[in-house]
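K.L.:
With the input below, show me the fold.
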Amino acid sequence: MMTDTGRQEYARLTEKRALFITALIVILIALAGVAVTLGSADLSVADSYLAIFAGLFPDAVDLPDRMVESNAVGIIWGWRLHRVLFAVVAGFGLAIAGSVMQGVLRNPLASPFTLGIASAASCGASIAIILGAGVLSGSLLVIGNAFLFAMLAAAAIYGMARLRGMGSETMILAGIALMYLFSAVTSLLQ
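P.N.:
Residues are numbered from 1 along each chain as shown. Predicted structure coming up:
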């Protein structure tokens, strides 16, 4: 059972975490506004936020003439904002994937390099670049091979863990063995 001091300590820690997450969200919004200003059209941070609000609430925001003439809303909404939002979503996805990998392996140092996935992707890309062989053709040859080899390494680790009932330590050792195998093939190709 929790005592009153334990509850107070938990409430204080929860409040600190909520404040930290809120501060990170505010910083993310501020940096997204700055990132939207980068480009050949000369837009200030205030102009970018005004253009974002004008796109969200078209009847509520009156744009200055200079922003209407430069088509700031079209530039922000048509060219820049979606790229920034996709970058934020990609960052969230990578963070979640890293947290899941560290949670499954019960190791805070776990990464795609630990399981040999990064080396497998590098080997697949090397095969596509040097030999020109792959599952896709054209401009997607290197990307397709890298993805395929990364999935093969992940499936190999998962298959070994599932069939053999391996623990997290054994999975990491098998991943390191795969890493050295794919690194050796990449070195051989080079």
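K.L.:
Local confidence estimate at residue 122?
P.N.:
For residue 122, the pLDDT comes out at 94.
K.L.:
and it, which of the three is it?
P.N.:
Three-state assignment for residue 122 (DSSP: H, G, I helix; E, B strand; the rest coil): helix.
K.L.:
What helix or strand is the nearest residue in space to it that is not next to it in sequence located in?
P.N.:
In space, and not counting its chain neighbours, residue 122 is closest to residue 186: 5.6 Å by CB to CB, 6 or more residues apart in numbering. In this view, the C-beta of every residue, glycine as well, is placed from N, C-alpha and C. If you go by DSSP states H and E, residue 186 is part of helix 168-189.
K.L.:
Could you list every helix and strand in contact with that helix?
P.N.:
helix 81-105, helix 117-131, helix 141-164 (3 or more CB pairs under 8 Å, 6 or more residues apart in numbering; DSSP states H and E).
K.L.:
ok, residues contacting it?
P.N.:
The set of residues external to helix 168-189 that reach it, using CB atoms under 8 Å, 6 or more residues apart in numbering, is 104-107, 110, 113-120, 122-123, 126-127, 130-131, 149, 153, 156-157, 160-161, 164, 166.
K.L.:
of the residues you listed, buried ones?
P.N.:
The neighbour count (16 or more other CB atoms under 10 Å) marks 105, 110, 114-120, 122-123, 126-127, 149, 153, 156-157, 160-161 as buried among the contacts of helix 168-189.
K.L.:
thinking again about what came up before, and the residue nearest to residue 122, how many residues sit next to it?
P.N.:
By the measure other CB atoms under 10 Å, the count of residues near residue 186 is 18.
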